[in-house]
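A.B. asks: Quick one, fold the following:
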Amino acid sequence: MKKLLAICGLVAVSLMLASCDGGTTPGELNLTFTVVNSGTDVQLDWDQIEGADYYTIDVDGTIIDSTADNTVVTYTVTAADAGKVITVTAVGADKDESVDFESTVETGDLGSNFGEASSTDYYSAAGFNQDGDPTVYSLLDNGNYSNFDFWISDGAAGTDIGEIDLVSPNATYGGTGNFNSEGNYSTAWGTGYVAPTSGYLNIYPGAGGIVNGSSYALWIDPSDNGWDLNDHFVRLDCTGIGGDGQVTMNTNYQTVGGLLWVPVD
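C.D. replies: Okay, the predicted model is just below:
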């Protein structure tokens, strides 16, 4: 059972529980997590269980650490150990609980009508709802300007498929822009599950354009105030750029506010 909860302004997750039959020790771990260190890490918190010999923390089935009973009940998993499933086990008490970070990511795509629109009928802007589902919009759709999270442009009349950039909605570029006040940023994704912590630009790449087969990090910062738990991170996977400016792109939206982890293959 998985659902998102907000507790005291911090993000926690109800957990997929797994208990071994035959255990007689009462109590549950009540495992929760808090996003810390500007989104790069998560702090795990759990309740001690009577009878536990010690606790192990594993990431995607591999134990990364253990803590002694009745001494440590919090543990921070760093970006270096980011994974799809993190499990805490009370060894000796037959109790374990997990948080599945893959389930917090909403995957989608921008469809076949997304593209650089200066000389075509493609829609060039995209936005995400609170569940992480994407919608594409025409740059002329002023009734939806507030919903734009990014748009694409080659910055000039016509369509130069070698110069298509990811652009923040508050940036003026190629004679258009300033759709809303969101100060969003993009950069190259790099490797692994964690979005980059630096290198972001309002207009990215700014020279040379996006590349088919490459992935990009989108930082959605609605208040344009730097990182906080109201921000969201998205991995954009470019799967095609057509000669007429069509861009096909898969989206992977982290629904947990502020968290840079996007654990998808």
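
A.B. asks: Show me where the stretch 101-250 of the chain dips below the pLDDT cut-off.
C.D. replies: Residues of the stretch 101-250 of the chain meeting the criterion pLDDT under 70: 118-119.

A.B. asks: can we see that at 80?
C.D. replies: The stretch 101-250 of the chain contains residues with pLDDT under 80 at 118-120.

A.B. asks: which residues in it form strands?
C.D. replies: 105-109, 125-128, 134-137, 150-153, 165-167, 172-173, 176-177, 185-188, 203-204, 215-220, 232-241, 247-254 (DSSP state E, counting those that start in this stretch).

A.B. asks: ok now the fifth one, how far from the chain's centre?
C.D. replies: Same thing as strand 165-167. 18 Å (C-alpha atoms, centre = their mean, to the nearest Å).

A.B. asks: again with stretch 135-154
C.D. replies: For stretch 135-154, the distance to the chain centre is 21 Å (C-alpha atoms, centre = their mean).

A.B. asks: Then stretch 35-49?
C.D. replies: Computed by C-alpha atoms, centre = their mean, the chain-centroid distance of stretch 35-49 equals 17 Å.

A.B. asks: what do you get for stretch 196-214?
C.D. replies: That offset, for stretch 196-214, works out to 17 Å (C-alpha atoms, centre = their mean).

A.B. asks: how about it: buried residues?
C.D. replies: By 16 or more other C-beta atoms under 10 Å, the buried positions in stretch 196-214 come out as 196-197, 200, 202-205, 209-210. Backbone N, C-alpha and C define where each C-beta goes, glycine included.

A.B. asks: end-to-end on that stretch?
C.D. replies: Taking C-alpha to C-alpha, to the nearest Å, stretch 196-214 runs 14 Å from one end to the other.

A.B. asks: Contacts for it next, please.
C.D. replies: Identification of contacts with stretch 196-214 by C-beta atoms under 8 Å, 6 or more residues apart in numbering yields 38, 40, 152, 154-155, 160-168, 170-171, 173, 183-190, 216-217, 219, 238-241, 247, 260.
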